[in-house]
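Sequence unavailable; structure follows:
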DNA sequence: AAGCTATATGTCAAGAGTGACATAAGAGAA
DNA sequence: TTCTCTTATGTCACTCTTGACATATAGCTT
């Protein structure tokens, strides 16, 4: 079982979905801690079904093409539950922006300030979205999001991580943009 | 040019290194924002040399095997400088721990508390290491780390990002571990 | 002499992930 | 009619990444 498989099971444990729906979820709410295109999802669903972790049924639709709706099995639920508390392998987080910062000493100050100020704005926008979603959850599922055995609780926990992540990124980008502002470019030979 | 290529150039812009040295750096100081094993590094160095971004010279050693020391070229330096201020493609950060948190509502509370408390400790240890390194830099290269055109400045900027990242992770892990503590397991059928 | 560790450089097969290509139904606009 | 958009499912080739295999020098230990 791959991590992508568990990402899919995590969504299917909440509600039955088609491959297309799963693709949308991966772009949306789950998108800030995992990602996958449909070209990865369809083959993975086939593998999950082969392993007995999900089953599907075809739903005929009138005004749209038919779809396959996938449902998690008991076996899938059991595997997901076990996986959820196993320590993840530690891999280095790959952050291309930090990698760029690592070479910022070579760059022109105005250009670097532009980059980090733009990225800072992007992260602030994302942060605002997450905070809006958090506030919405606090209003709409006030009690439910505190019940540990409710999927809402898990969603809000993940969301909290996203908020912390974006906040850190936004702060850092703003700081760095400010710091490199006015740094002169190393003069070439005119 | 791949991102790994620029990661290597970022290191070679500071000092000339062998493939083996680069592998050590990737595990160490650069490890928190990019990673690669030697099986990726050696072929990438060959590609970089083919493209004229680096050159190498063989250094004979007495008490060790000979080594190839790679040096960045003007062309490599130029490419790195340009890349450093280009906006990175936005890809979803893949965080397996947050993905696990997303399914924590299914898990046994004690086991989940164990996982997140362990991970929290790991992040705190990493944070402590980074802070130690930051303090060391403040002492040893007090002025230099503030000069924008110095590699020390870029290193300390990246380090600052690492500290923010680990702080966020540690806080979140601790919070979640505390929250799921005492959550009873869903009873199986006895 | 045999084995272990650190240094040093490589290859290869398998798996994960990306982007393009391909198809198809129905809705709505030009 | 044709074209485009959204929904819907799939494949394929390519790249990136990982882990194992492979080799070699030299010091140190057993």
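Alright, I've got the coordinates. A quick note: this is a predicted structure, and the numbers were derived from the prediction, not measured.

Show me which residues of chain A sit near DNA strand D.
A:18-21, A:23, A:38-39, A:42-43, A:45-46, A:61, A:64-68, A:89, A:91, A:94 (C-beta under 7 Å from any atom of the strand). Heads up, the C-betas are built off the backbone N, CA and C, glycines and all.

low-scoring stretches of chain A, by residue?
Applying pLDDT under 70 to chain A picks out residues A:186-190.

Just say helix, strand or coil for the residue nearest the centre of chain A.
The residue lying closest to the centre of chain A (C-alpha atoms, centre = their mean) is residue A:32, at 2.1 Å. Recorded secondary structure, residue A:32: coil (DSSP: H, G, I helix; E, B strand; the rest coil).

just to confirm, which helix or strand has the residue nearest to it when sequence neighbours are not counted in it?
Spatial nearest neighbour of residue A:32, excluding adjacent residues (C-beta to C-beta, 6 or more residues apart in numbering or on different chains): residue A:162 at 4.6 Å. Here residue A:162, judged by DSSP states H and E, is contained in helix A:151-180.

Residue A:70 too?
Per DSSP H and E: strand A:67-72 holds residue A:70.

isn't the residue nearest to the centre of chain A right next to residue A:164, touching?
No. Checked against C-beta atoms under 8 Å, the pair residue A:32 and residue A:164 is beyond contact range at 11.2 Å.

quick revisit: list the contacts of the residue nearest to the centre of chain A.
A:126, A:130, A:162, A:165, B:92, B:93 (C-beta atoms under 8 Å, 6 or more residues apart in numbering or on different chains).

what about the helices in chain A?
A:3-12, A:19-27, A:38-50, A:74-83, A:96-101, A:109-140, A:151-180 (DSSP state H).

Return the residues of chain A in contact with DNA strand C.
So chain A meets DNA strand C at A:2, A:3, A:4, A:35, A:36, A:37, A:39, A:40, A:62, A:63, A:64, A:65 (C-beta under 7 Å from any atom of the strand).

Residue A:158: which of these is nearest?
Nearest to residue A:158 out of those is residue A:35 (C-beta to C-beta; 14.0 Å).

tally of neighbours for residue A:31?
Residue A:31: 15 surrounding residues under other C-beta atoms under 10 Å in any protein chain shown.

and if you look at the one 5 residues further on?
A count of nearby residues for residue A:36, using other C-beta under 10 Å, gives 21.

Kindly report the same for residue A:151.
When neighbours are counted by other C-beta under 10 Å, residue A:151 comes out with 19.
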